[in-house]
Each structure stands twice: as C-alpha cells, then as structure tokens.
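Peer 1: give me a 3D structure for the following:
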Amino acid sequence: MKVLDAGTGLLRAAPRLWRAPADRHRLNRVLVLVPRALDVVAAQTGTRDPTDWVVHSAIVSGTRMAVVKLGPLGGETLAVLKAPAGAAATASRRREVAALAGLTADPRVADFAGLLPESLAAGIADGQMFTVERALPGVEAHRVVRPAEEDGRALGEAASVIGGLHRRTGCSVVIDGPILDLWIDGRVALAAAATRNAAALERLRRRLRDAWMGRTEVVCWVHGDFWTGNVLTDPASGRVTGIVDWEWAGDRELPAHDVVYSCLHRRLQAGRGEFGDIVRALLDGAGWDPSEQEVLRAAGILPERRQRIEDELLLLVWLRHIAYNLIQDAGIARNIVWVRHNVDNVLRAL
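Peer 2: The predicted structure is shown next:
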C-alpha cells in the first residue's frame with residue numbers, strides 16, 4: 001500500500017480532486033485509514049486481495065460523505081469506501097446500511113439483489129465510521145450523453161427496472177390509520193419545522209387522510225430518491241447495471257414515490273424550477289411531457305386519455321420528498337429560499 005502513504009502517495013492516488021481546503025483535510029483523514037479498512041475487508045471476506053488495492057479516486061460528496069474508489073493498480077474499481085463526516089452524514093450512512101440490510105434480507109428481492117450495493121465490510125477506525133461496498137459496474141445514467149429523443153427512453157428503462165422491485169415486493173392492502181400516520185402525519189410534523197403556514201399544513205393533512213383512508217392500494221419497497229443520478233448504466237447498451245444511494249428507501253410505500261419522483265426530478269435537472277415549483281405548476285394544471293406520460297402510464301399511475309395524475313398522489317410524493325430532505329439535513333428548514341420555493345409555494349396552492 002505504498003501508494004497510500006500519507007504525504008506522498010495520497011496526492012498521487014487522487015490528484016485534482018480537492019475542491020476546497022476542508023475537503024482536502026477531510027480526505028486526508030480518510031485516506032490514511034484506507035489500509036486499515038482494507039485489512040478489515042480482507043479479514044471479513046476471507047481474502048488477501050484487498051491489501052493490494054490502491055485508491056482510484058476520492059471525493060467528498062455534497063452530503064459530507066468521503067467516497068473512495070478502490071481496486072488493483074491499473075485495474076478496475078472493485079470497491080467503494082464511504083466514510084461520513086459529522087453526525088448528520090453518519091446518521092445518513094446508517095439509514096442506508098439499514099435499508100440495504102432490510103432489502104437483501106427480504107427473500108422476494110433475491111433476483112434483484114445484483115443491482116444493489118453489496119456490503120464487504122464495516123467498522124470504526126480512530127473514531128471514524130466506514131463501510132466498504134463492492135463497486136457496481138456502469139456510469140451514472142444522467143452523465144451519459146445521448147440525443148434528446150433518447151432521454152425519454154432512458155427514463156422509461158430506469159422506471160421499468162425499479163418497477164421490477166415494486167412487483168417483487170408489492171402486496172395489496174387497505175390503507176388504514178397506522179399507514180397514514182407514517183405517510184402523512186409524521187411527514188407533516190417534519191414539514192412544520194420549515195414553514196409558518198401551519199393552517200395550510202393542517203388542511204393538507206386532513207385532505208390527504210380523507211383521500212387515502214380506506215383505499216385498497218399496492219404497497220412495496222421503494223428507493224425513495226429514484227432519479228438517473230442514482231441509476232448506473234452501460235454506456236454502450238443503455239442497460240441498467242446498478243442502483244445506488246438507498247438512504248431514502250422504505251417498505252410499505254406507493255410505487256409512485258419512485259416513478260412520479262423520477263419524472264419530477266427529470267424536470268428539476270432540466271432547469272425547470274425547484275422541486276416545489278415544479279409540483280406547484282402541475283397542481284395549477286401543467287401537463288406531463290409525452291415521454292413522462294408514457295412512463296406514468298406504463299406504471300399504471302396515469303390512466304389512459306388523461307393528462308394529469310390526481311393531486312392527492314402528487315402531494316403525497318411531494319410531502320415524502322420534503323420530509324426526507326429535512327431528515328437528511330434539518331438545517332435546510334432555515335434556508336428561506338429553499339423553503340419559499342419547495343414548501344410554501346406548494347402550500348399556497350391549498
């Protein structure tokens with residue numbers, strides 16, 4: 001592991017990746033732990049191969065996660081080490097680990113598991129939590145340059161793949177009080193920290209409970225943050241090769257949380273406004289694009305000959321998105337610009 005020696009090999013192993021002094025300091029702390037982490041991988045997997053791995057790349061993500069790609073010198077990336085910085089990032093990492101453990105333990109998911117990150121090891125070194133996962137092949141789907149007419153097909157392919165998870169884990173239930181407490185009341189309580197419009201939140205809570213109580217719906221495992229940045233594909237064929245970042249995953253949720261969210265996020269990536277602005281436009285009567293309609297119809301969310309999904313479904317998807325943003329970063333409730341565009345703008349429509 002000489003390539004990882006502090007002060008020399010560190011900069012050779014990950015050049016041009018330092019985005020700020022704080023990130024550099026953060027990565028230095030994590031990179032010096034890599035040899036010890038690889039010893040844990042070797043011990044927990046029963047192989048000595050990881051001790052010969054080197055750093056292929058290293059970044060600090062926007063959620064304060066150090067992400068280090070590892071593998072043989074001159075070879076393919078075989079593993080990804082993740083080390084969170086601070087309490088919020090550590091909690092985020094623990095949520096994802098727990099979600100993946102729940103998914104992989106579910107026998108219904110067995111033949112879908114090849115698309116999930118596989119845990120190789122986990123531990124704590126010098127007070128730093130770390131996990132190591134087997135690297136999934138492919139590149140982030142949103143980074144693949146494709147003609148505009150193929151963008152809709154890529155969205156449809158991703159939705160079809162996550163639909164496989166929905167079908168494998170889905171079951172029909174009558175929506176009752178405990179489910180609505182999870183879907184609505186708990187998430188409204190989280191959203192309350194981000195707005196002074198308590199009256200509108202209460203109207204939303206009552207409206208959604210009235211709309212969903214007693215309905216028979218299929219519930220399943222969902223990814224929860226399903227967009228093309230979390231989908232890996234083979235650039236040549238477009239085939240989906242993996243799905244990452246499962247922190248927002250959950251069971252007994254509506255499939256629409258993935259399919260509708262992916263369409264909304266597509267608009268977000270295209271610069272059509274903040275997430276809440278996009279939802280507000282749809283509540284005000286904006287229609288879905290033809291490729292989005294195709295995806296929504298294929299998933300059984302948008303009925304034939306209709307241009308809109310029901311508002312109560314759109315609001316449920318929006319509410320989960322807001323709640324999980326606040327779980328991931330409670331401080332965002334103090335960001336008046338984020339709150340104005342993503343929370344209050346939608347509440348004013350009620």
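Peer 1: quick one, phi psi at Arg305?
Peer 2: phi 70, psi 10 (degrees, to the nearest 10).
Peer 1: could you check the pLDDT of it?
Peer 2: At Arg305, the pLDDT value in this model is 79.
Peer 1: from the chain's centroid, how far away is the host helix or strand of Leu208?
Peer 2: Taking DSSP states H and E as the definition, Leu208 sits inside helix 198-212. On the basis of CA atoms, centre = their mean, to the nearest Å, helix 198-212 sits 26 Å off its chain's mean C-alpha point.
Peer 1: the helix or strand following that helix pairs with which strands, parallel or anti?
Peer 2: Next along the chain after helix 198-212, taking DSSP H and E as the criterion, comes strand 216-222. Here strand 216-222 has these sheet partners by DSSP bridges: strand 171-174 (antiparallel), strand 250-253 (antiparallel).
Peer 1: how far does whatever helix or strand comes next after the first one sit from the chain's center?
Peer 2: Meaning strand 171-174. Next helix or strand after strand 171-174 toward the C-terminus (DSSP H and E): helix 177-180. How far helix 177-180 lies from its chain's middle: 24 Å, per CA atoms, centre = their mean.
Peer 1: ok, and what's touching helix 177-180?
Peer 2: Under the contact criterion CB atoms under 8 Å, 6 or more residues apart in numbering, helix 177-180 has outside partners Val173, Leu208, Arg209, Trp212, Met213, Val219, Arg252. Where C-beta positions appear, they are placed from N, C-alpha and C, glycine not excepted.
Peer 1: 10 Å - rerun?
Peer 2: 173, 185-186, 205, 208-213, 217, 219, 252-253 (CB atoms under 10 Å, 6 or more residues apart in numbering).
Peer 1: from the residues you listed, list the buried ones, please.
Peer 2: When the contacts of helix 177-180 are checked for burial by 16 or more other CB atoms under 10 Å, the buried set is Arg205, Leu208, Arg209, Ala211, Trp212, Val219, Glu253.
Peer 1: distance of the nearest residue to the third one once chain neighbours are set aside from Leu201?
Peer 2: Meaning Arg209. Among residues not flanking Arg209 along the chain, Leu180 sits closest, at 5.3 Å (CB to CB, 6 or more residues apart in numbering). Applying CB to CB, to the nearest Å, one obtains 15 Å for the distance of Leu180 from Leu201.
Peer 1: just Trp221 next, same as before
Peer 2: Remark: distance between Trp221 and Leu201 (CB to CB) = 28 Å.
Peer 1: just the helices in this structure please.
Peer 2: 9-13, 21-31, 34-45, 86-105, 148-169, 177-180, 186-191, 198-212, 256-269, 275-283, 290-298, 311-328, 336-339, 345-347 (DSSP state H).
Peer 1: relative to helix 86-105, how tilted is the fifth one?
Peer 2: It refers to helix 148-169. 70 degrees (axes from the mean of the first three to the mean of the last three CA atoms, to 10 degrees).
Peer 1: distance between helix 148-169 and the chain's centre?
Peer 2: With CA atoms, centre = their mean, you get 15 Å for helix 148-169.
Peer 1: so what's the model's average confidence on stretch 340-350?
Peer 2: In the prediction, stretch 340-350 has an average pLDDT of 97.
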